[in-house]
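>>> dropping a prediction and its sequence here:
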Amino acid sequence: MCGAPAQAPTLPAHVDLSKETVIYGVVSAADGSPVPAAYVRLLDGTGEFTAEVVTSATGDYRFFAAPGNWTLSVLHASGSARRPVVAIEPGLVEVPVTLA
Amino acid sequence: MSRSDALVTADWAEENLNTQGVVFVEVDEDTSAYDGGHLPGAVKLDWKTELQDQVRRDFVNKEQFEQLLSAKGIANDDTVVLYGGNNNWFAAYAYWYFKLYGHADVKLLDGGRKKWELDGRELSKDAVSRPATSYQAKEQDTSIRAFRDEVVDAIGTKNLIDVRSPDEFSGKLLAPAHLPQEQSQRAGHIPTALNVPWSKAANEDGTFKSDEELRALYADAGLDTSKETIAYCRIGERSSHTWFALHELLGERNVKNYDGSWTEYGSLVGVPIEKTA
């Protein structure tokens, strides 16, 4: 993995990062401001739905996935975005997403 | 049952927010969602603290359910319209639960919170209180609830539908990916189960697909509608969504939801498990 994340996600107690693959980040508008209440979907390597979360007041989302290929699909009243994600090993994978 | 009996649109809901005898009820996994804004006049049900017994693993009993609905101000002849986050998973679970205890008129808001928010419709932070009622529940209708022994007996004889994501079905993941993966039970699925993820029954805005699309989905997956069907997931909420699609929208009979689901089955001693990951 490439260095420490800019901002570590808030994790529940007892989460073992040697076992959990945490895909996380901030959803932002084109002007850089965070977007709360955006719907973030995690799709698996075949494009099938795996999970969905709603971004927090600070635009944050977080998934507990596994090593592999994933896609993030984000919907909000103000725009949408798709981002491919590759998780090589357990640990933190930060993926910021900007809506278009 | 049919679609018009069981499902209401966001437009219908907006027009009926103040209709006498219609009670909107929000049910979420994230129970703080309601406090951040809810449909005007809607009351909140906490699926974890209010619908589950707080000591043993089971539902609240008939008397507790009566006390709960009475305190929420829900009467026997009210039309209850359920909605929530997570694409209505927990609202569908509550729908099934209301049916289990015999509520006559219960409906699901198509698309739930997600569609409502994406449409930019009004959300309110006002506190809601309704006058108490004297709710009378019926005995549980176990024709829609499956228990573990029946599930084990169903292997190879009835339809088993595993509605979790393909990665949970194969055993790669143990929980939906918004939750930590470390769990005590084994990974995999019940032998002979079909994997038809709940999400295939829904559009991306959270609304249900059309009856024609749903029929094609389950036919293509190999569901034999001449047999009884048991749906399961991890804790029984996503399989309520599929139970709703099969039993309430398509009108299939003999469909049960296994609320013990993988957190029970995957912890049973000695039962067969298939794993493909």
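Arrived safely.
>>> any stretches of chain B with poor pLDDT?
B:1, B:182, B:184 (pLDDT under 70).
>>> please apply the same query to chain A.
Those would be A:1-7, if you go by pLDDT under 70 across chain A.
>>> can you give me the strands in it?
Along chain A, the stretches classed as strands by DSSP state E are A:21-28, A:39-43, A:49-54, A:60-65, A:68-76, A:79-87, A:91-94, A:97-98.
>>> what lines up beside the fourth one in the sheet?
Okay, so that is strand A:60-65. strand A:21-28 (antiparallel) (DSSP bridges).
>>> show me how far the strand it pairs with is from its chain's centre.
Put simply, strand A:21-28 sits 3 Å off its chain's centre (CA atoms, centre = their mean, to the nearest Å).
>>> also stretch B:238-246?
Taking CA atoms, centre = their mean, one finds the center of stretch B:238-246 at 6 Å from the center of the full chain.
>>> write out the residues of chain A neighbouring chain B.
Contact residues, chain A versus chain B (CB under 8 Å from any CB of the partner chain): A:12, A:15-16, A:19-20, A:37, A:39, A:41-42, A:44, A:46, A:48-54, A:62-66, A:68, A:73, A:75-77. For the C-beta atoms, the positions are set from N, CA and C on the backbone; glycine is no exception.
>>> and these, which of them are buried?
Buried members of the residues of chain A next to chain B, counted by 16 or more other CB atoms under 10 Å in any protein chain shown: A:20, A:37, A:39, A:41-42, A:44, A:49-54, A:62-66, A:73, A:75-76.
>>> what's the helix or strand for the spatially most central residue of chain B?
Per CA atoms, centre = their mean, the C-alpha nearest to the average position across chain B is that of residue B:93, at 2.3 Å. Taking DSSP states H and E as the criterion, the element that holds residue B:93 is helix B:89-100.
>>> what angle separates that helix from strand A:49-54?
With axes from the mean of the first three to the mean of the last three CA atoms, to 10 degrees as the basis, helix B:89-100 and strand A:49-54 are set at 100 degrees to each other.
>>> anything in helix B:89-100 sitting right up against chain A?
No: Helix B:89-100 lies out of reach of chain A by CB under 8 Å from any CB, never closer than 9.8 Å.
>>> show me what that helix is packed against.
strand B:22-28, strand B:79-83, strand B:106-109, helix B:238-243 (3 or more CB pairs under 8 Å, 6 or more residues apart in numbering or on different chains; DSSP states H and E).
>>> how about residue 38, what does it touch?
With no chain named, the answer covers chain A. A:27, A:54-55, A:59, A:61, A:74-76, A:99 (CB atoms under 8 Å, 6 or more residues apart in numbering or on different chains).
>>> chain B was what I was after
Contacts of residue B:38 (CB under 8 Å, 6+ apart): B:26, B:44, B:123-125, B:128.
>>> now do the phi/psi pair for residue 67.
Just so you know, I chose chain A. Backbone geometry at residue A:67, expressed as degrees, to the nearest 10, gives phi -60, psi 140.
>>> nope, chain B
phi -60, psi -40.
>>> distance check, it against residue B:61.
10 Å (CB to CB, to the nearest Å).
>>> check residue B:17 too.
Relative to residue B:61, and taking CB to CB, residue B:17 is found at 32 Å.
>>> ok, now residue A:78?
46 Å.
>>> same thing with residue B:85?
Applying CB to CB to residue B:85 and residue B:61 gives a distance of 27 Å.
>>> the two: who's more crowded?
residue B:85 (25 against 13; other CB atoms under 10 Å in any protein chain shown).
>>> residues in contact with that one?
A:54, B:28-30, B:33, B:112-114.
>>> any idea how far it lies from residue A:37?
Distance from residue B:85 to residue A:37, by CB to CB: 11 Å.
>>> shared neighbours, those two?
With CB under 8 Å, 6+ apart, residue B:85 and residue A:37 have common neighbours residue A:54.
>>> what's across from the spatially most central residue of chain A in the sheet?
In chain A, the C-alpha nearest the mean C-alpha coordinate belongs to residue A:24, at 3.5 Å (CA atoms, centre = their mean). Here residue A:24 sits in beta bridges with residue A:62, residue A:94, as judged by DSSP bridges.
>>> so it sits against residue A:94, correct?
Yes: counting by CB atoms under 8 Å, residue A:24 does reach residue A:94; the two are 6.1 Å apart.
>>> is the helix or strand containing residue B:219 positioned near chain A?
Assigning secondary structure by DSSP H and E places residue B:219 in helix B:211-220. No: on the criterion CB under 8 Å from any CB, helix B:211-220 is out of touch with chain A, staying 13.1 Å away.
>>> how about the residues of chain B near chain A?
Counting by CB under 8 Å from any CB, chain B comes close to chain A at B:30, B:33, B:85-87, B:114, B:117-120, B:165-167, B:172-173, B:175-182, B:197, B:199, B:204-205.
>>> 7 Å instead?
B:85-87, B:114, B:117-118, B:120, B:165-167, B:172-173, B:176-182, B:197, B:199, B:204 (CB under 7 Å from any CB of the partner chain).
>>> now intersect those residues with the helices, please.
When DSSP state H is applied, the residues of chain B next to chain A are split such that B:114, B:117-118, B:166-167 fall in helices.
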